[in-house]
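**Student:** Coordinates for the following, if possible.
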Amino acid sequence: MTNIRDIYAIGDVTGGIMLAHRAMQQGKALASTLFGGRAIVYQEEAVPAVIYSHPQVARVGLTEKQARQQGLELEVKKTDFAANIIARTELMGQGFVKFLFHQDRLVGVTIVGEGAADLITPMSLAVANGLGKRELSRWIIPHPSLSEVMTTSS
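**Tutor:** Numbering: from 1, shown residues only. Here you go, the predicted model:
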């Protein structure tokens, strides 16, 4: 909703990060609001962003800098690709996953490494649903897989 009654906006004109998947979710949320009983929502913090470089960089939620600027007390957990058998045997190079927790809730994830664009997807769901360490500890990840780098137990 804009500042003008019955005028709505989605996508690039709303400011923020300019991503097609962000605009699509805003559009779905708008349609749901207007015609579907508000079943679909839009959460800015759940929008994943990816830089398709080598290695890839992906993030969702807050960065460590943003969280600290907001005065959040953080617990930072980091896992390295070097500890993952698939990353080593497939020669995926260096990489890491950084998890940010505030009061045991996941508030942000940054991934640097091959496959980051695919690995960030479940983290977007986790941030959108306010999952915490307890819920993430129930996640069963196949072994061996690159996804094992997503474990928060280290």
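**Student:** and residue 12, which of the three is it?
**Tutor:** Under DSSP: H, G, I helix; E, B strand; the rest coil, residue 12 falls in the helix class.
**Student:** Tell me who's in contact with it.
**Tutor:** Residue 12 makes contacts with 18, 23, as judged by C-beta atoms under 8 Å, 6 or more residues apart in numbering. Placement of C-beta: from N, CA and C, glycine included.
**Student:** Check the spacing between it and residue 39 real quick.
**Tutor:** 25 Å (C-beta to C-beta, to the nearest Å).
**Student:** Next: residue 50.
**Tutor:** Relative to residue 39, residue 50 is positioned 27 Å away (C-beta to C-beta).
**Student:** which one of the two has more residues nearby?
**Tutor:** Comparing residue 50 with residue 39 by other C-beta atoms under 10 Å, the one with more neighbours is residue 50, at 18 against 9.
**Student:** Could you say which helix or strand holds the more buried one?
**Tutor:** strand 49-51 (DSSP states H and E).
**Student:** and that strand, what's its mean pLDDT?
**Tutor:** What strand 49-51 shows for mean pLDDT is 97.
**Student:** helices or strands next to it in the packing?
**Tutor:** strand 57-61, helix 116-128 (3 or more C-beta pairs under 8 Å, 6 or more residues apart in numbering; DSSP states H and E).
**Student:** What residues does the residue most central in space within the chain make contact with?
**Tutor:** The residue lying closest to the centre of the chain (C-alpha atoms, centre = their mean) is residue 60, at 2.7 Å. Counting by C-beta under 8 Å, 6+ apart, residue 60 touches 45-49, 108-109, 120, 123-124, 127.
**Student:** count of residues packed around residue 4?
**Tutor:** 8.
**Student:** now swap in residue 109 and tell me
**Tutor:** By the criterion of other C-beta under 10 Å, residue 109 has 26 neighbours.
**Student:** Now do the residue nearest to it when sequence neighbours are not counted against residue 91, distance only.
**Tutor:** Once flanking residues are discounted, residue 109 sits nearest to residue 123: 4.2 Å by C-beta to C-beta, 6 or more residues apart in numbering. From residue 123 over to residue 91 the distance is 24 Å, taken as C-beta to C-beta.
**Student:** Looking at those two, which has the bigger crowd around it?
**Tutor:** More crowded of residue 123 and residue 91, by other C-beta under 10 Å: residue 123, with 25 against 7.
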